[in-house]
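Provide a 3D model corresponding to the input given below.
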Amino acid sequence: MGGGTSTPRSGGLLVTVGPEDEGKRLDVLLGGVPEVGSRSRAANLIAAGAVTVDGATAAKSRAVVAGERVIVVLPREGAAEVAGHTDVPVVYEDEYLLVVDKPAGMAVHPSRGHATGTLVQALSGHGLEGGEEFRPGVVHRLDKDTSGLLVVAKSVEAHRRLVAMMRRRAVDRRYLALVHGAFSADTGTIEAPVGRDPVKRTSMTVGGLAARDAVTHFRVLERLGDLTLVEARLETGRTHQIRVHFAAIGHPVAGDPMYSRRDSLAVGRQFLHSYRLAFAHPFTDEELVFDAPLPADLATVLERVRESEGRADA
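The predicted structure follows:
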């Protein structure tokens, strides 16, 4: 690769396009830069808006011209960055996959209304691969305002294996949810198909359009008057499954703006957190188990509820 690289005063990595590189795709050009390392990582950085050509963002397929100045802002080590300087904690990483603790308020991948600030963009420097181009590496998703653990693939084969594990229900996914109402039993299973609401097309419902089988197991962890802290374990992974299932049995998730219609606790979002992820490593068969504590906003709400019930030491 010609033209050379340097560090501009404004920060980032400066690549000056040489005559021998004219006409190359932008992702191909950057893939040959040692600090970037691969074409897939270059594509992810471009998608995240971390690359400019003569001061403007550009598509990965753009043909570069000799003399153009390409600046790449590489994420700092130890954390992935998104707009607003939000860090995504990386719980585990190897050459095949990542496990991260997604913060609330972050969409997993770009979509209508969420073009930037997504998880895949935040992780662009980690070389995500596999699956659809607009959501590289995505194996499963969490709703935008649901926090917690998520596994992401770093190669096409890792993505294929992880998706297959999800389909045969070989990944243990558990959530903490604070729901309205009291339960008579300590455990239970909700088995009801989930599909698109025919009236509110942004919502899901039991039954609905193109409904698919859905199974959620739950266990009562703490009874708090008119509220109950439960552990929900997914057997299937339909869109909004936990939220729809608990609403359907009369126990909507506290703070859920779509299925609860009330936020008496001022949670500000659904009280739902993916706290445990366990599976056998798709390449080494090592048993991996990860736990993520409640984030500060949910922990504060739970402590407030406990105090109101006289159980601050619970």
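
Quick check: end-to-end length of stretch 258-267?
With Cα to Cα, to the nearest Å as the measure, stretch 258-267 spans 13 Å from end to end.

Now do the buried residues in stretch 222-234.
Residues of stretch 222-234 classed as buried by neighbour count (16 or more other Cβ atoms under 10 Å): 224, 227, 228, 229, 230, 231, 232, 233, 234. Yep, even glycine has a C-beta here, placed from its N, CA and C like the rest.

Can you list the neighbours in contact with that stretch?
If you take Cβ atoms under 8 Å, 6 or more residues apart in numbering as the criterion, stretch 222-234 is touched by 172-183, 215-221, 241-242, 246, 251, 254, 265, 302, 305-306, 308-309, 311, 314.

what about dumping the CA coordinates of stretch 232-245 to CSV?
C-alpha atoms of stretch 232-245 as CSV (Å, rounded to 0.1, in the frame of the first residue of the first chain):
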residue,chain,number,x,y,z
ALA,A,232,-37.1,-15.8,33.5
ARG,A,233,-35.4,-18.5,31.4
LEU,A,234,-35.9,-18.5,27.7
GLU,A,235,-36.4,-21.7,25.9
THR,A,236,-37.2,-19.8,22.7
GLY,A,237,-36.2,-16.3,21.7
ARG,A,238,-39.0,-14.4,20.1
THR,A,239,-39.2,-10.6,19.8
HIS,A,240,-40.3,-9.1,23.1
GLN,A,241,-41.0,-12.7,24.4
ILE,A,242,-40.6,-12.1,28.1
ARG,A,243,-42.5,-8.8,28.1
VAL,A,244,-45.4,-10.3,26.1
HIS,A,245,-45.6,-13.5,28.1
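
With pLDDT added, can I get the buried residues of stretch 222-234 in TSV?
Converted to TSV, the buried residues of stretch 222-234 look like this (pLDDT from 0 to 100):
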residue	pLDDT
224	97
227	97
228	98
229	98
230	98
231	98
232	98
233	98
234	96
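
Now residue 205. Nearest residue, chain neighbours left out?
Spatial nearest neighbour of residue 205, chain neighbours left out: residue 197 (4.4 Å); criterion: Cβ to Cβ, 6 or more residues apart in numbering.

Count the neighbours of the one you found for me.
Residue 197: 17 surrounding residues under other Cβ atoms under 10 Å.

tell me the contacts of the residue nearest to residue 62 when sequence neighbours are not counted?
Once flanking residues are discounted, residue 62 sits nearest to residue 26: 4.7 Å by Cβ to Cβ, 6+ apart. For residue 26, the contacting residues are 42, 46, 51, 53, 58, 59, 60, 61, 62, 63, 64, 70, by Cβ under 8 Å, 6+ apart.

how about 7 Å then?
Applying Cβ atoms under 7 Å, 6 or more residues apart in numbering to residue 26 gives the contacts 46, 53, 58, 60, 62, 64.

Could you do residue 265 as well?
When contacts are counted by Cβ under 7 Å, 6+ apart, residue 265 touches 254, 255, 301, 305.

Of the residues you listed - the most surrounded one?
The most crowded member of the contacts of residue 265, judged by other Cβ under 10 Å, is residue 254 (27 neighbours).
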